[in-house]
Structures are given as structure tokens and as C-alpha cells.
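Engineer: Provided below for reference: sequence and predicted model.
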Amino acid sequence: MRKITFVLIALLLFSGFVFASGSSEAAAPSDPNTVKVGLLCIGDENDQGYTYNFIRGRDEATEMLAADGITVEWVTKYNIGEDATCTDANIEAAEEGCQIIINNSYGFEPFMLEVVDEYPEIEFISCTNCASAFDGRDNTHNAFANIYEGRYIAGVVAGLKLQQMIDNGEIAPEEAVIGYVGAYSFAEVISGFTSYFLGARSVCPSVTMKVSFVGSWSDATAESDAALALADAGCVMISQHSDNTTPATAAQSRGVFHTGYNNDMTGIAPAASLISTRIDWAIYFYEAIKAYVNGEEIPQDWCKGMADGAVVMTPLNEAIAAPGTAEKVAEVEAAIADGSIQVFDTSTFTVGGETLTHAFALDTDGDFTADSEEAVFDGAFHESLFQSAPYFTVQIDGIEWLNAAY
Amino acid sequence: MSGTENRTPLIRLAKRSEMPPRTIWAIRVASIIVALILGCIPMILTGNSPIEAYGVILKGSVSRPIYLKQTIKIAIPLLGCALAIAPCFKMRFWNIGAEGQITMGAVAATYFALFWVGKVPHVALLAIMFLAGAVAGGIWGLIPAYFKARWNTNETLFTLMMNYIAIGIVAWLQGGPWEGRKGSQLIPMFNDAARLPQVFGVHCGWIIVLVLVVIMHIYMTRTKQGYEIAVIGDSVNTARYAGMNVGWIIMRTMFISGAICGIVGFIIVSGANFTLYKGVANGVGFTSITVAWLSQLNSFAMIVISMILAILEKGANTLQTRMQVPASIADIITGILLFCMLSCEFFINYSLIFRHKVKEEAKA
């Protein structure tokens, strides 16, 4: 017992010393044109996908802000789980003196919200989630972009390729099958693959799609396995809503084509990957941080699309894309920007053989079922209009869900 | 003469006779110093100053009240779980299923947190969750104990496999019946009524585990049941000869062990995480084995050891934030420290005897 008492006293003395020495390096910057921003990431740059895209946005925004005389000190934390470690990471970033803390994954938000009331002077941002608009707090924010616009165009690129293969007699019209690797059967994913499919079908009428859910946002092996299985099941075009590049390499190894997400994947799979779409987070980071420095409000629920540069296409792989793709992409891009193409035009798809006439957008009572704000009007489903996070959850005809368990 | 020499191995192990406590503690302190020096190597290799890094680890874990609170939050389940597995290890029953027992305790507590909230008052709800966690964890521990007592199955493999079953059950609940927003894989956060209140800024789980420390100490050193556990640990045959029902004692002890793990599970979901997910135990069931071993199964020493490990874990986190050291470097340093501390216990108990040394001794 005496030994333990001794150790305890020693520890106490030691911690007293540490307390006395204090810590000055963790304070918030005093210069009004310098802002300290925390970025909490689910992965790291090595995914070459989701988190890489955020890091890229971070670096571009830093340069854009530097041109305006604003210095950003970033505190970036990687490989945080969608669990209580996220709560701890938010506390950590707050204590390090961050004035804005950005959470980059959907599942971070509930854990972030555990912390926000302790730090009313810090602005908390949850990307891709949706609680901020209704939680009555001023210091919480959401942000997302109309990625469905980019996916629609990626679908157009894929559809043109499939139609070219049909016209050349390489495949029969009914063999134009897309395989889609999805993370979960979750609104953001459903919205994504549906817009992609509609884009493809707008130029290749016989196309159908199979969706395989892997049950993880980021699992390189499972994503690869799902893509290989889809290719083996007869899919000649692979696309993905998951964080890694393995579906691209899997497509290349099976000799089928691919369109990507988050990052240009033509470098890693030059014989398969046609194009990718990604959110340019620099646009949002720039606006939010600039607003903060100018003493203005960061928008509660930010959402912009291709017209504002928030959604961009990566360079087209001209070597393998169908002829005329670039022109068609430019035409569709312009049509989406001026509103003459509605991605979820209800005349272009059916649900159980019927035209979609009704779907709610928002869940206001917290039972996780949408119950208010009619999203279908003027002949289209209006995605990301009532909140930035996607809410299209309808299963349309022509898309087969292989495993809805996730 | 030469024949016998060749048959002697180059290095032999011999159990040491009792060492004076002063020497034992000198060896322990020396091992920590060696560990700290070895820990400099990965820091230097990644281009960081070791002294600065150690400073950050300490500052990041104890230098501010909020950091200290976070550190204590990490220590609570470690301590609770080390207390739980101590009686099993005393009995030489290798329960490495604490991870699963914590998880099942958390599942049971979560059930009541999700579906009984509003039906019973705050304190009653917490009491129900506490009991549910204890019973569920206890039953999860009882299953391998029953098989061990009845058919002498290998408890190490059995308890380990039970972990994966428990984690699988949570994964299913997360994506299935208890899922919140469709497809999100997240169980909703607990209502305030299902959360442990805070005392001095940390959830009151710390009071529960400190009470458990005292109870466990008394149980192991002052009760008949604690004595039975010690006898079985020393020799099962002696226990049998003395008329003890060994199977019954194994099952009873494992139920207690699992129940405490289950309580830890309840404390984690209700005090720290406020929701359930498959990583709820987060390796605590394994790390606490180290805590129990390093503290020689002494309940009070576990307080110190769990705090040291918590300081390392919290400090490593700050290290990653401030110096952009990869998280894995911090894990390597923790690993080196644990390795040195555990191996020093080995050298306290055993000595190495080299062949030539024996020869010289023989000559003399």
C-alpha cells in the first residue's frame, strides 16, 4: 500500500508541475485576419477519394483566402470514427483554439452535437448532414453540394459509351447493364445512383442497373469485391458511391468501363475510367471562412451546384470515351445550369409502373420518416431544395437492388 | 564432463527467489526509463523532438481541467474492466472475452435506454439499465464458463469467439431494428433521462468503478469465495481435495466477472457515448488485461496503471493534433512502453542463466 501511495503522490506532484508550466501554443490567434480552423476527417489523403477531396478543397481555399489577405491555420485530424472518438476530436479541436470546426462525414454529426453547446463561440460545420436548419442553434451549420448534377453528367458519359458499344455490335441492347457500388441504402446514395442512371438512360434507352451495397463508406477490399462481382454478373460499366479507387482498378482488371467519384481515377485505371465527378469543397470553405472573418453569419444550410462551381467534372478520358462526349457534356452542363434539364424529371422515370406524384422531403418530428414539404411539383422531384442533404429515397423502375440489407 | 556440458542449453530460465522490494521497484522504474528512451527512436525517425513530444503527451492529457476530464473518461472503463478480469486471472481462467461482455452489457442497457425512456423515472431507468447490463454481461461470461466446467473446453478460444458474436449482434442492430435514419447505420442518441449525471465534470461512472475497487479488494482478500478463487489458481487438485466444487466456482466467478464487464458497458453507453455502435468496447477488454497484469491483480494499483495508460492514450491524441504525428507512431510508443513494463515483470520473476556462467560457478 505504501508503494502505491508513493506513486500517487509522485503523479500528483508531476501533474502539478505540468499544470504550472501551462500551455500557450493552443490559443486562438489574436490577429483578426488569421483564423484557426479544425478539419476532422473520416479517412486520410491516401484514400485518393473522399477525404483526399476535402484536403484538396482545404488547400485550394487556403490559397483563395490568402489572396484576400486572410491566413488560415488548419488543425487537421485524420481517421476519426463515426463514434464517440468524434466527440473527443471535436473537444480536442475546440481546446486547441479552433474558431471553426468542420466535420467531414455524415455520421459525425450526432457526436458533434454533443459538444456544440459547450462552445457557443465556436462555429461547428457538419458536411453532408442535416440537423442544423432545425436545431435552433446559431453555431451549427450544414453544407453539401448538388452532386446529383455531376452524377447525371457522369451517367451521360457512361450512357454514350454504352450506346457506342451497342451501335458497334459489341453488346446487345439488353446487355447494357451498369453495376453500381454503393455504401449504404441511404438517401445520399440512392439519390446519387438514381441521377446517374437517369443520365445514362437519357442517351442509352435500353440501359438497366444493378446496385450492390457494401455496408461501409470506406472499405477498399469490399468495394473491389463488389465491383468484381458486378462485372462477373454481366455489368459492362461500373460506377461507385464509396470512398476508394478500388472499383476503378477492379473494372480495369475485368475489361469493363468505369466512372468515378471524388477524384480523377483515369490515372489509376486509364483503360477503364471515363470521368469522375466531385464536390469542390474549396468553394464552400472559402465562403464560410470569409464570412466568419468578416463577422457575417455562416449560412445555416449551404448548398450550391455546378452553376457555382461547387460540383465539377474531372477531365474526360478522351482516349476511350465515345466520340462527341465532350460536346454533349458541355450541352447538358449548360442545360442543367439554366434549368432546362431537371435531373429528376418525373416524365423520365416510373415507380412501380406509375409516375411519381408525391414524396416528402423533410423529417420534422424526428422519427426518421419524411413528413413535410412536398418535393414533387412542376413535373420534377426537387432534390436538395429544402435542405442541403439529399432526400430522394424512391426506388425507381430499371434499377435492381442486389442487397438492401445495408 | 563435456557430455553434460553440451546438454546444458545456452540460456536457461530459473525462477528467482524473493527479491527485496526496493530492487523490484528499481527494476520497474528502470524499465520505464528504458521504454521512454526507446520511444524516442520513432519520434526521431519521423523528425520530431522527443522531449517536445513527451511534453505534448503530458500537457495534452493533464494540463487543463478539460484534458484531465477526458483522460479520466478513458481510464474509467479500463479500470472497471481490469477489476472484472482480475478474479478470472487469479483463478488462471483466461477470460479474454471482456470485450464481448462489455458489448452485451451495453446492448442490454441500450435496449432500456431506447424503449423504456419516458416510462420510468430517471433514476429508476438508470438502475434498470445498470442491472440489465450486469445480467447480460454476466450471462455472456457464464456461457464459456459452463462449457469449461462441464466439458473442459478451452476458455481462451471460447471467450475470444464470443467477442465476435457480440460485436456481430451490435452490427446487426445498428443496420437493422435499432437504426435511426434509414441507411445511416446509426442508433439514435440517448434521451437525457438515460444518461449518467456528471459529478465534478465527469460522468459518475468514476464513482461506480471506485466503489467496485473497494468491493473487489475486500472480495478477493477477505472472503471465503475470494480464497477459493486463489486456491483454484494455485492448484485445481488441492481445491478438489479440499472439497471445493471447482466447476461451480468457475461459473460463479465468470458470472461476476462478466457482470462487472456488463456494468462497464452500461457506463460507456450511458456516460460517455450516449449511443451504441459495434466498436463500443473499443479494445478496452484487451487493454485492461495489461492493466490487470501490470498491477499484479491488485485493485488499488489498477487505479494508477489505468490512469497511466489513459494519459498515454489521450496524450497520443494531442500529439497527433499538434505535431501532426501519425496516430500509428503514438501507438508504437504505447506499445514499446507496455512491452518494457511487462517484460520487466518477467525478469523480476525469472533470471537468465548462461551456460558459461554455470561452468564458472561449478569451477568455483
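Structural biologist: Yep, that arrived.
Engineer: closest residue of the stretch 51-200 of chain B to chain A?
Structural biologist: B:Gly183 (2.9 Å; Cβ to the nearest Cβ). Every C-beta, even on glycine, is put in place using the N, C-alpha and C of the backbone.
Engineer: that residue against A:Gly182, yeah?
Structural biologist: No - assessed by Cβ atoms under 8 Å, B:Gly183 is found out of contact with A:Gly182, at 9.5 Å.
Engineer: what sits against residue 265?
Structural biologist: Since you didn't name a chain, this refers to chain A. A:48, A:245, A:248, A:258, A:273, A:276, A:314 (Cβ atoms under 8 Å, 6 or more residues apart in numbering or on different chains).
Engineer: um, chain B though
Structural biologist: Counting by Cβ under 8 Å, 6+ apart, the residues that B:Gly265 touches are B:101-109, B:133, B:136-137, B:280-281.
Engineer: neighbours of residue 101, how many?
Structural biologist: Assuming you mean chain A. Per other Cβ atoms under 10 Å in any protein chain shown, the neighbour tally for A:Ile101 reads 29.
Engineer: could you do chain B instead?
Structural biologist: What B:Gln101 shows, counting by other Cβ under 10 Å, is a neighbour count of 37.
Engineer: next: B:Leu352.
Structural biologist: Counted with other Cβ under 10 Å, B:Leu352 comes out at 10.
Engineer: hmm, it is touching B:Leu13, no?
Structural biologist: Yes - shown here, B:Leu352 and B:Leu13 form a contact pair, counting by Cβ under 8 Å, at 6.5 Å.
Engineer: skip the chain neighbours and tell me the closest residue to the residue in the stretch 151-300 of chain A that chain B sits nearest to.
Structural biologist: Going by Cβ to the nearest Cβ, chain B is nearest to A:Phe186 of the stretch 151-300 of chain A, at 2.9 Å. Distances taken as Cβ to Cβ, 6 or more residues apart in numbering or on different chains place B:Gly183 nearest to A:Phe186, at 2.9 Å, with adjacent residues excluded.
Engineer: next: B:Gln70.
Structural biologist: B:Gln70 sits nearest to B:Lys314 (Cβ to Cβ, 6+ apart), 5.6 Å away.
Engineer: is the one you found in a helix, a strand, or coil?
Structural biologist: Assigned with DSSP: H, G, I helix; E, B strand; the rest coil, B:Lys314 falls in the helix class.
Engineer: tell me the pLDDT at it?
Structural biologist: In this model, B:Lys314 is scored at 89, pLDDT.
Engineer: which SS class is A:Thr259?
Structural biologist: Going by three-state DSSP: A:Thr259 is strand.
Engineer: picking that back up, near chain B, which of the contacts of A:Met265 show up?
Structural biologist: Among those, none lies close to chain B by the criterion of Cβ under 8 Å from any Cβ of the partner chain.
Engineer: and those residues as a markdown table, adding pLDDT, neighbour count and secondary structure?
Structural biologist: Output for the contacts of A:Met265, formatted as a markdown table (pLDDT from 0 to 100; neighbours: other Cβ atoms under 10 Å in any protein chain shown; DSSP: H, G, I helix; E, B strand; the rest coil):
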| residue | pLDDT | neighbour count | secondary structure |
| --- | --- | --- | --- |
| A:Gln48 | 80 | 21 | coil |
| A:Thr245 | 90 | 28 | coil |
| A:Ala248 | 95 | 32 | helix |
| A:His258 | 96 | 32 | strand |
| A:Ser273 | 95 | 26 | strand |
| A:Ser276 | 95 | 29 | strand |
| A:Thr314 | 94 | 21 | coil |
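Engineer: correct me, but A:Tyr261 touches A:Gly49?
Structural biologist: Yes - using Cβ under 8 Å, A:Tyr261 is in contact with A:Gly49, at 7.1 Å.
Engineer: which neighbours do these two share?
Structural biologist: Joint contacts of A:Tyr261 and A:Gly49 (Cβ under 8 Å, 6+ apart) are A:Ser242.
Engineer: so what does B:Ile24 have for phi and psi?
Structural biologist: phi -60, psi -50 (degrees, to the nearest 10).
Engineer: any idea how far it is from chain A?
Structural biologist: 9 Å (Cβ to the nearest Cβ, to the nearest Å).
Engineer: okay, that residue: pLDDT?
Structural biologist: Value for B:Ile24, per-residue pLDDT: 82.
Engineer: which ones are touching it?
Structural biologist: B:Ile348.
Engineer: coming back round to it: and the residue of the stretch 151-300 of chain A closest to chain B, what does it touch?
Structural biologist: Applying Cβ under 8 Å, 6+ apart, the residues near A:Phe186 are A:106, B:181-184.
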